[in-house]
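1. The amino acid sequence is not available; the structure is as follows:
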């Protein structure tokens, strides 16, 4: 079965540079979530989109922005990178549709490793 | 947000059942309990979820107490590949605009030979 696809898997950037991460949700899924996991930490929710509109926002820095496109893929743009942005970034997707929200399983991709040097 | 409490670590012998407890005493009536695991920096892997009835799938069983204040994830025959951090999560859904999973610190399960 198709899973959540993230690219690139690894990215090295210098401080103050910009990085873009891409996420391709499971086919027919309409909701995308972004998470950040720092070294030795638990995943932290950043932002989510439902039907191409921002749905919820967590601890996402102002330097970061994201959007969901018409084909439902999503991109996380990170500018003015700092050393502390080095982390594993996960994208996840679910089919919210019209069913019971809590019962729609959220599936995660394998993540994108961002290293800022 | 309903919070969960899990033991930080547990050990289990290979082939034995692993029983991972989780307390969620502030859970609301319409909130589901989800279990995920993360194997060393891989993406969190969905295991199982439930509302109030016990659930079973090919990976595990989920036992939820009648008052829904706690649950137990059961891996019936643990293998070395089950070594991972297991997260018990109460899914926060106050509205369509607040649907997300909030990860706590999880339980680090070590399966030994």
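-> On my side now, so go ahead. Given the structure is predicted, the values throughout are model-derived calculations rather than measurements.

2. which residues does residue B:4 contact?
-> Taking C-beta atoms under 8 Å, 6 or more residues apart in numbering or on different chains, we find residue B:4 in contact with B:22-24, B:88-90, B:104. (C-beta placed from N, C-alpha, C; glycine too.)

3. all strands for the chain, in order.
-> All of this refers to chain A. Chain-ordered strands for chain A, with DSSP state E as the definition, fall at A:5-7, A:10-13, A:19-24, A:31-37, A:44-50, A:53-57, A:64-68, A:74-78, A:87-94, A:107-108, A:112-116.

4. um, chain B though
-> Listed in chain order, the strands of chain B (DSSP E) span B:9-13, B:18-23, B:33-38, B:45-50, B:55-56, B:61-64, B:70-75, B:84-90, B:107-112.

5. State the number of residues packed around residue B:90.
-> Using other C-beta atoms under 10 Å in any protein chain shown, residue B:90 has 24 neighbouring residues.

6. For residue A:75, see how far away it is.
-> Using C-beta to C-beta, to the nearest Å, we find residue B:90 at a distance of 30 Å from residue A:75.

7. can you check residue A:60 too?
-> The value you get for residue A:60 to residue A:75, if C-beta to C-beta is used, is 14 Å.

8. what residues are shared contacts of the two?
-> Both residue A:60 and residue A:75 are contacted by residue A:66, under the criterion C-beta under 8 Å, 6+ apart.

9. that older thread, if we check chain A, which of the contacts of residue B:4 are in contact?
-> With C-beta under 8 Å from any C-beta of the partner chain as the criterion, those include residue B:104 near chain A.

10. ok, the contacts of residue B:4 vs residue A:105, which is closest?
-> The shortest approach to residue A:105 among the contacts of residue B:4 belongs to residue B:89, at 11.9 Å (C-beta to C-beta).

11. List the contacts of that closest one.
-> Neighbouring residues of residue B:89 by C-beta under 8 Å, 6+ apart: B:4, B:33-36, B:101-104.

12. How about the contacts made by residue B:14?
-> By C-beta under 8 Å, 6+ apart, the contact list for residue B:14 reads B:78-80, B:111-113.

13. This completes my enquiry, with thanks.
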